[in-house]
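*Asks:* sequence isn't available, so here's the structure alone:
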């Protein structure tokens, strides 16, 4: 029997960059293949070639023994390949059922025939444990539900090979486990699954085989049963890397305090803040955990001057904040690393050097007479920031959007830390980054801590919170728990708190 | 068929695109001239003679380009910040109203003070006309395309009311026109016995100053960031609202200068037909100039050549004058398509 998918000698370059070089692998029915690699290793390019979004320079993709027409997503869908992208492709204002039907119905029919579709959707959801309400609107669904819908959509189109790109990037541990159960059910019913990730733990838990890509080439192919985590980590980056370790450090006076902060519910946020009290001292990393959408975003906004509380006080270095603007908070020493680094962090169409000094429009060293920008000083400052933070680029004049995710984050952290901030608010600072970049980000945060800065680390990655934080609070539905010390913390208890346990009394 | 982003753009490609756009437009215009029953070659010859063939032709082209440079700058400045100011026409008339109010005898100063004073007044009037729409957009998310466009009609009706009523020149033999601007406030001619006036030089200098401001100053830097990614600019501590307000004032101010230069430079008094749509043509100028202030100068001159030349052509070989509008529109479309092809390459499904 021929394998479900056979990829042979794929080669693809963009200009001088070799994104894929002679990549070959197979996926059989009933197995989970994991593709591991750093950002920029060529994973996404490879998947886009399989799915027909890109044309390979060389090589073939065969599905069940038949070669797929190149560069045609329709051919891939018809052959039974389904892809769930990291960023969902759903119509937000339609229901689950309507989203499922998109692309399956003839445009000439006056009405949608929903009866059969509804039955099929129910059967699939039941069979694979993908619980969903077919009449719910997508814009009211959680990330986990949206992802289940994306998977159901591909199954609805009779997909036999499912490609999942970073599926757990924004799920809670419980949701991830649910997803893995569904994946297991799919493979036992004869589907093939390709999962792209850089979360080693999960890959080891879910996959049957692993291939590792580095700089566009296959550097390893192992059966998961024989794999060892450290060895895989080394394969991914090409050398041994370790995340930095937190050592005890001295704590100073409170740098930022929140007293009884409440915020109004806004359209973009799921939960508003309710009576939040928080004190973060110099030399302390305060970890904030919670399932996405429980008020972490509002908290970050209040801490950084982007949001105005409806009641309560923000006290920075002993002084009550009177004005809630990003500028006034920046002047008081706050640096804010936003979660969405591409939209809130960099200006993609401006150059690397311009982005590196974007926060410095008030810096007298970089601004000359008549408010002229001192371009050469800006460039040298930018170069200093980039080399100090290991930001890799081809030219300092290239648009920042061409940088990889890790380099963008290092650039953003570098430019904020160059201001010697005393208070750092970091939202999901390592989400979507590879191991090398994550350890760089962690090192930066720990260095700021030992330099006496107060760090608020908001993250959904429990490993990260437990590795870096001195103290932790849990957020649920806009409430915050009391801070507790990060010592002998039980993950199960933490998970229960994230699910709302212990918050009823408030 | 689909588009793929080019990783590297060869130096010669933008020039090829512009040249291709020009040739494409010429071919299309040739078809239209032939359809109108004339020889395309004769048509182009008359067009170029009409625009360059004599001293008078050249100065006319310059005079027509003057308001287009101003309104083109108005559109280019605002569009660069993603503020879609479609109201340059109204702001132009606001500038013209302001110079008529102050320049017809209310204030009398020597010429070297009177002219700068009138220009500043017009600039302020144009800017203030746009300001409410800027504030509405920034604070209440009211779509500026709608508000700026509708304000045009309000202002033009106001001009109509004033010229038929309180501001009507009693010596105008019943025509709805304003009183004459006092001699000290009239812009001198650049070329004697022509309609080319100092406004042309002011327009070119304004474009150069705006280019320097955009490319060299902190304000220009902030404006670029705000235009390309408002959220990232806000996160970096750039005062976004303040920057957009300043950009709005500058954009409206340029349109106001267009009205001033037409009133105190070309006509000498305010009329209801002061602008045959310069505010709207300014959008085409800005697009053609790729939103670059220096590009705007060349785009405005190019469009002026087409307008002035097509007028001459229609007189000489009897084709409709509105061919000029068709040629201008085709050029803008062709150049925009060309710019898309510079950024993307077309890939046929292989």
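*Replies:* Structure received. Source: prediction; values computed, not measured.
*Asks:* only C-alpha atoms from now on, for both contacts and neighbour counts.
*Replies:* Noted.
*Asks:* pLDDT weak spots in the chain?
*Replies:* Assuming you mean chain A. Within chain A, the segments meeting pLDDT under 70 span A:1, A:15-17, A:39-40, A:105-113, A:170, A:239-242, A:266-270, A:504-506.
*Asks:* ah, no, chain B please
*Replies:* B:7-8, B:349-350.
*Asks:* which residue is nearest the centroid of it?
*Replies:* residue B:71 (2.5 Å; C-alpha atoms, centre = their mean).
*Asks:* what does the stretch 251-400 of chain A put close to chain B?
*Replies:* A:326-327, A:330, A:336, A:343-350, A:358-359, A:361, A:367, A:370-373 (C-alpha under 8 Å from any C-alpha of the partner chain).
*Asks:* now the closest residue to residue B:250 other than its chain neighbours: how far from residue B:215?
*Replies:* For residue B:250, ignoring the flanking residues on the chain, the nearest one in space by C-alpha to C-alpha, 6 or more residues apart in numbering or on different chains is residue B:127 at 6.3 Å. For residue B:127, the distance to residue B:215 equals 22 Å [C-alpha to C-alpha, to the nearest Å].
*Asks:* which of these two has more neighbours?
*Replies:* Here residue B:127 and residue B:215 are compared on neighbour count by other C-alpha atoms under 10 Å in any protein chain shown; more neighbours surround residue B:127, at 28 against 15.
*Asks:* and the residue in the stretch 201-350 of chain A positioned nearest to chain B, helix, strand or coil?
*Replies:* Nearest residue of the stretch 201-350 of chain A to chain B (C-alpha to the nearest C-alpha) works out as residue A:344 at 4.1 Å. Counting by DSSP: H, G, I helix; E, B strand; the rest coil, the backbone at residue A:344 sits in helix.
*Asks:* contacting residues for the closest residue to it other than its chain neighbours?
*Replies:* Nearest residue to residue A:344 in three dimensions, chain neighbours excluded: residue B:232, at 4.1 Å (C-alpha to C-alpha, 6+ apart). Residue B:232 makes contact with A:343, A:344, A:345, A:346, A:347, B:225, B:226, according to C-alpha atoms under 8 Å, 6 or more residues apart in numbering or on different chains.
*Asks:* quick one, phi/psi of residue A:333?
*Replies:* When read as degrees, to the nearest 10, the backbone of residue A:333 gives phi 110, psi 20.
*Asks:* verify the stated contact: it with residue A:417.
*Replies:* No - applying C-alpha atoms under 8 Å as the test, residue A:333 and residue A:417 come out as separate, 10.5 Å apart.
*Asks:* any idea how far residue B:222 is from the residue of the stretch 401-506 of chain A found nearest chain B?
*Replies:* Using C-alpha to the nearest C-alpha, the single residue of the stretch 401-506 of chain A nearest to chain B is residue A:416, 9.0 Å away. Residue A:416 sits 17 Å away from residue B:222 when distances are taken as C-alpha to C-alpha.
*Asks:* any idea which helix is longest in chain B?
*Replies:* For chain B, the helix with the greatest residue count under DSSP state H is helix B:111-140.
*Asks:* contacts only, for residue B:67.
*Replies:* When contacts are counted by C-alpha under 8 Å, 6+ apart, residue B:67 touches B:203, B:258, B:259, B:261, B:262, B:278.
*Asks:* so the fifth one sits in a helix?
*Replies:* Yes - if the criterion is three-state DSSP, then residue B:262 is within a helix.
*Asks:* can you tell me which residues contact the nearest residue to residue A:401 once chain neighbours are set aside?
*Replies:* Among residues not flanking residue A:401 along the chain, residue A:348 sits closest, at 4.2 Å (C-alpha to C-alpha, 6+ apart). Residue A:348 makes contact with A:342, A:399, A:400, A:401, A:402, B:228, B:229, according to C-alpha under 8 Å, 6+ apart.
*Asks:* tell me which element residue A:348 is part of?
*Replies:* Element membership for residue A:348, per DSSP states H and E: none, as it lies in no helix or strand.
*Asks:* and residue A:496, by the same measure?
*Replies:* helix A:491-498.
*Asks:* ok, now residue B:346?
*Replies:* Residue B:346 belongs to strand B:344-347, assigned by DSSP H and E.
*Asks:* from residue A:116, how far out is the residue in the stretch 51-200 of chain B positioned nearest to chain A?
*Replies:* Residue of the stretch 51-200 of chain B nearest chain A, by C-alpha to the nearest C-alpha: residue B:80 (12.7 Å). To residue A:116, residue B:80 is 51 Å away according to C-alpha to C-alpha.
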